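1. pasting the sequence and the predicted model now:
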Amino acid sequence: MHITRRSLLVLATAVGLAGGSHFAYAADALNVGSYPNNPPFEYKTANGGFEGFEVDVVNEAAKRAGMTTNIADYGFQALFAATSSKRIDVAISSITITPERLKSQSFTQPYYDSDMGVATKEGSSIKALADLKGAVVGVLSGSTGEKWVNDNKAAKGFADVKGYNSQQDMFLDLGAGRIDAVVSDIPGMQYLFVKTKGFAIKDRIKTGEQYGLMMTKDSPLLGKINDAITAMKKDGTLEKIHEKWFGSKAPTGSSTVTELPIPKA
């Protein structure tokens, strides 16, 4: 049989139509940026994949929205530029929702409540926040910890503030005595100290901080992803993810189990 170019085009069209339903419903990719060393919220495994509390949250939310995820690693500060420039759709890294950030970013409803803490080497003479007068304090650059320390530097009498791009480098300097204390989110430090010995949380700074998925400002995907988080709260999935990574049920009335509105600037 002689097959012409026209016959091939007709055949290709028929095959495309036959498989049309498959291609029409193929899941879109949700491009996610993640700081790769922030356990138990997110961390990179030996095989290059991502695991953690927020990884499970964003994967499940994307699945419910009919999407897959494509997760890439970014420095913490780089996440903000990446969402603003639309290189990524979502950023995860225990990112606190703040009025300042809402001016240039959008957030889903919060799903985790957190405070900051003061950490030192075990055996340090620093026992509480009040003892940081004259101390050199380490913070993760771009974090709410950095903002809090800088805002309170004069009032609390901190001698200096040193910013770091990674938690690992920050605690290496703390262990070596190059800084006196660290101010950072308590959950991440608690998880780190299970495996990294020699440090202790000495005081809690009540902040009322809440974490959400950070997205491009007014992203068309915001409502869809937020609705998925609402459904995860209602059917108990989000609480199960919390129990998996933190070993306990989420506190009653916390943002992990309570449906909340999308934050507005």
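-> Sure, I can see it. Quick caveat: nothing in here was measured; it's all calculated off a predicted structure.
2. what comes up buried for the strand or helix carrying N70?
-> For N70, the element it lies in under DSSP states H and E is strand 67-73. If you call a residue buried by 16 or more other C-beta atoms under 10 Å, then strand 67-73 has these buried ones: 67, 69, 71. (C-beta placed from N, C-alpha, C; glycine too.)
3. so N226 sits against T108, correct?
-> Yes: the pair N226 and T108 qualifies as a contact (C-beta atoms under 8 Å) at a distance of 4.5 Å.
4. so what sits against both of those two?
-> Each of I262 lies in contact with both N226 and T108 under the rule C-beta atoms under 8 Å, 6 or more residues apart in numbering.
5. neighbour-wise, which of these two wins?
-> T108 (28 against 22; other C-beta atoms under 10 Å).
6. for the more buried one, what are phi and psi?
-> Here is the backbone geometry of T108 (degrees, to the nearest 10): phi -70, psi 170.
7. quick one: contacts for it?
-> 61, 212-213, 215, 222, 225-226, 229, 262.
8. coming back round to it: could the buried residues of strand 67-73 be laid out in a markdown table, adding pLDDT and distance to G134?
-> Listed next are these as a markdown table, based on pLDDT from 0 to 100; distance: C-beta to C-beta, whole Å:
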| residue | pLDDT | distance to G134 |
| --- | --- | --- |
| M67 | 97 | 51 |
| T69 | 97 | 46 |
| I71 | 97 | 42 |
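9. relative to E239, which of those residues is nearest.
-> If you rank the buried residues of strand 67-73 by distance to E239 using C-beta to C-beta, T69 comes first, at 21.2 Å.
10. list the beta-bridge partners for that closest one.
-> Bridge pairing for T69 (DSSP bridges) gives the partners L30.
11. got the contact list for the residue most central in space within the chain?
-> Per C-alpha atoms, centre = their mean, the C-alpha nearest to the average position across the chain is that of S93, at 2.1 Å. Neighbouring residues of S93 by C-beta under 8 Å, 6+ apart: 34-35, 38, 41-42, 54, 76, 79.
12. give me phi/psi at the closest residue to S255 other than its chain neighbours?
-> Spatial nearest neighbour of S255, chain neighbours left out: P110 (4.0 Å); criterion: C-beta to C-beta, 6 or more residues apart in numbering. The phi and psi values for P110, taken as degrees, to the nearest 10, are phi -70, psi 150.
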